[in-house]
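Engineer: the following block contains a protein sequence and its predicted model.
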Amino acid sequence: MRQEIEAFQALGHEDRVLCLIVDGEPGASDRPTSSTRECFSPPLRTRKVDGQLVACEPLAADVRKSRDGKTNAKLKIIAAMLGVTFDELRRREDQRRLQQRVRLTAALALFTLAAAAAYLTALDAGLGFPGGIAFRHWLDGHEVSLMRPIPEDMTIRDKAAGLQKMLVASLEQARDGSNSYPANFNRSRQQPWAHNMAAFALLGLSTRTALLTGGPAPMRSQSEKNFGELGSVSTPEFWGLMALARGFDIQLDDPDAPIRLETTQRTLEEFLSPDDPGGWTLFRTIPAMRRADAYSTAMALMALLEARRARLPWSGSVERRDELIRASFDWLVRNFQTTADPPGWQAGTSSLGESADGLTLQIYGRLLDAEREAGLHIPDLIDREIGRHLARVQGRAIEFLGGSGEFGVDPDGPGGLPETSEGINFLWHPWAIDCATRWLNRREGKPLSTQERVEIQRLLGHLVLSLGDQAVARATQKWTFTASETLYGLSSVLSTSSRTDSSDTPRRAGLGASTRP
């Protein structure tokens, strides 16, 4: 190494000899006890000055941690090679490192933002990640969403109107010019129950005048025959009364309309439970065997509210009608099953501790109707459960079963009557539409927050836009009652069918005074 350094110095490039200390000590050769620690070769420790060799210590970069360190040592070597000062090169290095850190920080920030955006998008889409529910509630409270667009009200209404036309066409095709709507679409069965349901649903449309003019009278009632027969049930009578109430205003010139109204109401009085105030029964039996049930009572409340909307009395008395509305409402509230999963109402007289989803949705809608139409107060417990139940409907498939109930008469009861039973399947889809629409448009009770309003609007979009075509296809396959109930549910989207006019002035003098009989 010494010869190479001397040869290089001899060429006149002494200033181009660059030293790098990696070990040892400069000047250690001056001390006999540590001469072996000398790190500089002898040619580097002397310099010719005026022809004389004098001792010197060369400039060197020191990589040791206690000195320059590797980074500064590298910069010193590079500075000497480039002919610039160490400080200038260090400033350049600091700038380079700063720029590198800025680029790295920016890249990490962009990555973090992208990951956060992907995670929040997944939460918005409804994937089951932690914090999803709270985040979606926050989005709904601000009416924003990327993956769950809020459907426009007009879009839902237009879709509902189109689905209505399809159902009307199917029902009219099933009637095929006859005087009644059949129980099924192959026209193999005729049934007052199915006929009155269809008439009631069709009379809720804007084309109801044309239907009455060119079609059958919707007031056909089971009470017109077999009045005292045990097997007669209340449901056809309730649907008949509702159809009569909806069509009454365009049949004022029909002298038989008040008679049909009075006959139907008189028949329905036979289904009131004598021992359970406000409760109604499915079967007409002797008073001791009348077991009130939630389905019949819900139908009674629905029919009574339709009569009130049409300003029709009950047995000549609006006070009697409103008394029955209040009693039926209170019975349903009293028999709300808080311990069921989910809370709701029992379907039938043989199932214990179980609630039916479709029946519960139907009753929720009736309570909301009574709140708006008659000013009745829904208890806070039930009020909260309505919102919770509707939240559970979101995302539900059309194949979901709404429940069923078996209604029966005890054959071992007094009188030795024969055993009588009736099985009823409850649809959930049309009553979910009806309940959600009434919940969204309620004027009494607690106002909905922005979040709740957006969630219900999304639910209606799911029920009408996403499931509507499937619902209509299923409703027009076999039984006409599914088409009628679906038609009614869709009608609620276009109109809540609840008046603000609470006038009780009878529609015609022949209906009786507003006093109790």
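Structural biologist: Nice, thanks for sending it over.
Engineer: C-alpha from now on. contacts and neighbour counts both.
Structural biologist: Noted.
Engineer: per-residue pLDDT, T349?
Structural biologist: In this prediction, T349 carries a pLDDT score of 64.
Engineer: ditto for L104
Structural biologist: Per-residue confidence at L104 stands at 92 (pLDDT).
Engineer: quick check: it vs L110, distance?
Structural biologist: When Cα to Cα, to the nearest Å is the yardstick, L104 and L110 sit 10 Å from each other.
Engineer: what does G69 give?
Structural biologist: Distance check for G69 against L110: by Cα to Cα, it reads 34 Å.
Engineer: biggest helix in the protein by residues?
Structural biologist: Longest helix in the chain by number of residues (criterion: DSSP state H): helix 86-125.
Engineer: where exactly do the helices run in the stretch 51-200 of the chain?
Structural biologist: With DSSP state H, counting those that start in this stretch, the ranges of helices along the stretch 51-200 of the chain come out as 69-82, 86-125, 132-141, 153-175, 192-202.
Engineer: return the member of the ones you listed having the minimum mean pLDDT.
Structural biologist: The stretch with the lowest average pLDDT out of these is helix 132-141, scoring a mean of 75.
Engineer: who are the packing partners of it?
Structural biologist: Identification of packing neighbours for helix 132-141 by 3 or more Cα pairs under 8 Å, 6 or more residues apart in numbering; DSSP states H and E yields helix 86-125, helix 450-460.
Engineer: list the buried residues in that helix.
Structural biologist: Applying a neighbour-count criterion of 16 or more other Cα atoms under 10 Å, the buried positions in helix 132-141 are 132, 136-137, 139-141.
Engineer: could you do stretch 101-117 as well?
Structural biologist: Result for stretch 101-117 [16+ other Cα under 10 Å]: no buried residues.
Engineer: dump that stretch to PDB, keeping only the CA atoms.
Structural biologist: Below are the C-alpha coordinates for stretch 101-117, written out as PDB (Å, rounded to 0.1, in the frame of the first residue of the first chain):
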ATOM      1  CA  ARG A 101     -39.500  10.700   3.100                       C
ATOM      2  CA  VAL A 102     -42.100  12.900   1.600                       C
ATOM      3  CA  ARG A 103     -42.700  10.400  -1.300                       C
ATOM      4  CA  LEU A 104     -42.900   7.500   1.100                       C
ATOM      5  CA  THR A 105     -45.300   9.400   3.400                       C
ATOM      6  CA  ALA A 106     -47.500  10.300   0.500                       C
ATOM      7  CA  ALA A 107     -47.500   6.700  -0.700                       C
ATOM      8  CA  LEU A 108     -48.400   5.400   2.700                       C
ATOM      9  CA  ALA A 109     -51.100   8.100   3.000                       C
ATOM     10  CA  LEU A 110     -52.600   7.200  -0.300                       C
ATOM     11  CA  PHE A 111     -52.500   3.500   0.600                       C
ATOM     12  CA  THR A 112     -54.100   4.200   3.900                       C
ATOM     13  CA  LEU A 113     -56.800   6.300   2.300                       C
ATOM     14  CA  ALA A 114     -57.400   3.600  -0.400                       C
ATOM     15  CA  ALA A 115     -57.600   0.900   2.300                       C
ATOM     16  CA  ALA A 116     -59.900   3.100   4.400                       C
ATOM     17  CA  ALA A 117     -62.100   3.900   1.400                       C
END
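Engineer: residue contacts, L20?
Structural biologist: Applying Cα atoms under 8 Å, 6 or more residues apart in numbering, we find L20 in contact with 60-63, 73, 77.
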